[in-house]
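In: Turn this into a structure:
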Amino acid sequence: MRLRPVLEGDLDVLDRYLTDPEATGAFEWYGWSDPNVWRRRWADDGLLGTDRSMLMVCSDTETHGFVAWWKVVTSRSSFCWEIGINLLPEARGRGIGTEAQRRLVRYLFAHTQAVRIQAGTEVDNRAEQRALEKAGFTREGVMRSVTFRDGAWRDGVLYSVLRDEAMDQGR
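Out: Just a heads-up that it's a prediction; the model follows:
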């Protein structure tokens, strides 16, 4: 399993997340949206911007999905990264998400000055919570009514990993 920049040929895979509710999974489908958003961003910056970026999760023969990160301003002089992941249905439940998130944490701490990386998920998304915990994240708490999906407000869970923790764990 490896992470790599998005190639033009990957845009068809990414399109599935905008047009196929089955591809996004139960916790990530928020309704129809601009089907060309990733193609425009790819043409602009290859989906590797300074405040928001994306990498593909792949093996030698398969594309499994993507990881993404975006800047969260925490004060006038600081920020942290928030990360997200979405795997295609056939890649879920195989440990790929845990390893992809570990590698993304290692990458971000190696190539940016951030001291904190956070990730959120819905309270009912137990699989993602387990993956984050296995990847070295600490559960911080519940965020009440943080996301609106499928006609209802949903509670979320916030996780984080700090630079020193990741280095102590060899991540």
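
In: shaky segments in the protein?
Out: Applying pLDDT under 70 to the chain flags residues 169-171.

In: Can you show me the strands along it?
Out: In the chain, the strands defined using DSSP state E lie at 2-5, 52-58, 63-75, 78-87, 116-122, 138-149, 152-162.

In: Distance to Glu22 and mean neighbour count for those - can I get that in a markdown table?
Out: For every residue, glycine as well, the C-beta is placed using N, CA and C. A markdown table is the format used below for these (distance: least, CB to CB, whole Å; neighbours: other CB atoms under 10 Å):
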| stretch | distance to Glu22 | mean neighbour count |
| --- | --- | --- |
| strand 2-5 | 24 | 13 |
| strand 52-58 | 18 | 21 |
| strand 63-75 | 13 | 17 |
| strand 78-87 | 12 | 19 |
| strand 116-122 | 18 | 21 |
| strand 138-149 | 15 | 12 |
| strand 152-162 | 20 | 17 |
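
In: For Gly46, find the nearest of those.
Out: For these, the distance to Gly46 is smallest for strand 2-5, at 6.2 Å, taking CB to CB.

In: which helices and strands sit right next to that closest one?
Out: Secondary-structure packing of strand 2-5 (3 or more CB pairs under 8 Å, 6 or more residues apart in numbering; DSSP states H and E): strand 52-58, helix 96-111.

In: Let's have these in CSV, adding distance to Leu132.
Out: Below are these laid out as CSV (distance: least, CB to CB, whole Å):
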stretch, distance to Leu132
strand 52-58, 15
helix 96-111, 7
